[in-house]
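A.B. asks: here's a sequence, model it:
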Amino acid sequence: MVDAPVLVLAATGGQGRAVTDALLRRRARTRVLVRDPGRAAARELAERGAEVVAGSLSDRDSLAAAMRGVAGVFAYTTPFEAGVEAEVGQGRAILSAATRERVPHLVFSSVAGADQDSGVPHFESKARVEADLASGDVPYTVLGPTYFFDNALGGEERILDGFLDLPLPPDRPLQQLARADLGAFAAEVMLDPAPYTGQRIELAGDAPTPADMAASLGKALGREVRHVQTPLAAIGNPDMHAMWAFLDGPGYRVDIPALHDAHPDIRWTRFADWADRAWAVGR
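C.D. replies: You can find the predicted model right below:
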C-alpha cells in the first residue's frame, strides 16, 4: 500500500468514478480532480473521504497542482466532447504535468485494439497518447478496456421495449468489461505498481454474443428481448461506424482465460450477472 495519495482524473466520469470507488473501498488516500467541486457527485466523493481538487484535463497548471506529491495518477482522455485532436491534447497536457511533477507512476486508460492499426478515430487518438507515454520519462502502465457492459444502457428505451440494437451478427462474440472490474484492476495497479510498470494490459470480463446479451437482458427484465442487427450503413457517425466495422472484423483480441488466471483477485463479472443487477425486474 502506498503512503502518499493517489490521484484520479475526471473522477466523476464513468471510468474515473469506478477507479475512485475501488480505491476508497481499499481505504487508500485518494485525491480526485473534477471540473466543479460543488457538484453533487464531487461533494459525495468528499463525504466519502476523497480529497477533491478542481481542474481540467487540458489545463497543465491545474493538472500539475493536483499531481503534486502523489504516488500515482489514473488518467483518462476523451474525444467525445471536442474531438480526437482535443483528446491528444489532453494526453499531452497530462504527460507534461506528470513530467513536471515527477509523478512516480501513471496509469493510462486507453482502449483494447488501440495497438492494432484499427482505423477507428478514437482508438487511434489513444494510440498517439500511448506513443507519447512510451517516449517520455514517466513510469506508466496502459490499460486497454474492451466494450463496457453499460454501453447497452444507451439503448435503454429500446431494451425496455424488447429490442437490443447492435450492428453485429447474433452469433458474433463481443468482448466486454464491467466498469467496476476496470476500477478494481486499476486500483490494484496504482497501489502496487512495480509488477505492472511498462506493461500494456487489455481487459475483458466476458465475450457474449448479441443473442446471449438479449437472452440475459430478457431474463433480468422478465420478458423477451430480441437482438436486432442494425445495418452498419445506418450508423452515420464516422467514428462509431469505424468502431463497429472493426468489432465485426478483427475485433478485440484479449486472451480472457489467461487474463483471468493471472488475476484471480478480480471478480471478472459476467454479462449475465451484470444484467441481473442492472436490469432486474422492478429496477
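
A.B. asks: quick one: the helices in this protein, in order.
C.D. replies: 14-25, 40-47, 60-67, 84-100, 121-135, 156-160, 179-191, 210-221, 238-247, 256-262, 271-278 (DSSP state H).

A.B. asks: ok, Gly160 touching Arg223?
C.D. replies: You called it Gly, but residue 160 is Leu. No. The pair Leu160 / Arg223 is not scored as a contact, 9.3 Å apart, by CB atoms under 8 Å. C-beta here means a position set from N, CA and C on the backbone, and glycine is covered the same way.

A.B. asks: now for the spatially closest residue to Trp244 that is not a sequence neighbour: which residues touch it?
C.D. replies: Spatial nearest neighbour of Trp244, chain neighbours left out: Pro167 (4.5 Å); criterion: CB to CB, 6 or more residues apart in numbering. Shown in contact with Pro167 (CB atoms under 8 Å, 6 or more residues apart in numbering): 229-232, 234-235, 244, 248.

A.B. asks: among those, who's most crowded?
C.D. replies: The most crowded member of those, judged by other CB atoms under 10 Å, is Trp244 (18 neighbours).

A.B. asks: wait, Phe271 touches Met213, no?
C.D. replies: Yes. The pair Phe271 / Met213 is scored as a contact, 6.1 Å apart, by CB under 8 Å.

A.B. asks: show me which of the two is the more surrounded one.
C.D. replies: Between Phe271 and Met213, counting by other CB under 10 Å, Met213 is the more crowded of the two (25 against 22).

A.B. asks: report the contact partners of that one.
C.D. replies: Met213 neighbours (CB under 8 Å, 6+ apart): 152, 164, 166, 174, 227, 271, 275.

A.B. asks: mind checking how far it is from Tyr252?
C.D. replies: 15 Å (CB to CB, to the nearest Å).

A.B. asks: model confidence for the residue sitting furthest away from the middle of the chain, exactly?
C.D. replies: For the chain, the residue at maximal distance from the C-alpha centroid (CA atoms, centre = their mean) is Arg223, at 30.2 Å. Model confidence at Arg223, given as pLDDT, is 93.

A.B. asks: isn't it up against Gly162?
C.D. replies: Yes. The pair Arg223 / Gly162 is scored as a contact, 6.6 Å apart, by CB under 8 Å.

A.B. asks: and Gly49, how many neighbours?
C.D. replies: Residues near Gly49, counting by other CB under 10 Å: 12.

A.B. asks: tell me, how many residues neighbour the closest residue to it other than its chain neighbours?
C.D. replies: Nearest-residue entry for Gly49: Leu24, 6.2 Å, with adjacent residues in sequence omitted and distances by CB to CB, 6+ apart. Residue crowding around Leu24 was assessed by other CB under 10 Å; the count is 18.

A.B. asks: now Leu24: how far from Ala66?
C.D. replies: Where Ala66 is concerned, Leu24 sits at a distance of 17 Å (CB to CB).

A.B. asks: next: Ser216.
C.D. replies: Ser216 is 39 Å from Ala66, by CB to CB.

A.B. asks: and the residue nearest to Trp244, its phi and psi?
C.D. replies: Note on Pro167: backbone dihedrals following degrees, to the nearest 10 are phi -90, psi 50.

A.B. asks: and it, what's its pLDDT?
C.D. replies: Reported pLDDT for Pro167: 96.

A.B. asks: again with Glu81
C.D. replies: Glu81 carries a pLDDT score of 74 in this model.

A.B. asks: repeat for the one 4 residues further on
C.D. replies: Among the per-residue scores, Glu85 holds a pLDDT of 92.

A.B. asks: tell me who's in contact with it.
C.D. replies: Here Glu85 is in contact with Ser125 (CB under 8 Å, 6+ apart).

A.B. asks: try Ala46
C.D. replies: So Ala46 contacts 37, 52 (CB under 8 Å, 6+ apart).

A.B. asks: cool, the one 10 residues further on as well?
C.D. replies: The neighbours of Ser56, taking CB under 8 Å, 6+ apart as the test, are 35, 62-63.

A.B. asks: put the buried members of these into a ChimeraX selection.
C.D. replies: Listed next is the ChimeraX selection for buried residues among the contacts of Ser56, using 16 or more other CB atoms under 10 Å:
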select :62,63
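
A.B. asks: same list (the contacts of Ser56) but as a markdown table, adding distance to Ala82 and pLDDT.
C.D. replies: Below are the contacts of Ser56 laid out as a markdown table (distance: CB to CB, whole Å; pLDDT from 0 to 100):
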| residue | distance to Ala82 | pLDDT |
| --- | --- | --- |
| Arg35 | 14 | 90 |
| Ser62 | 17 | 95 |
| Leu63 | 17 | 97 |
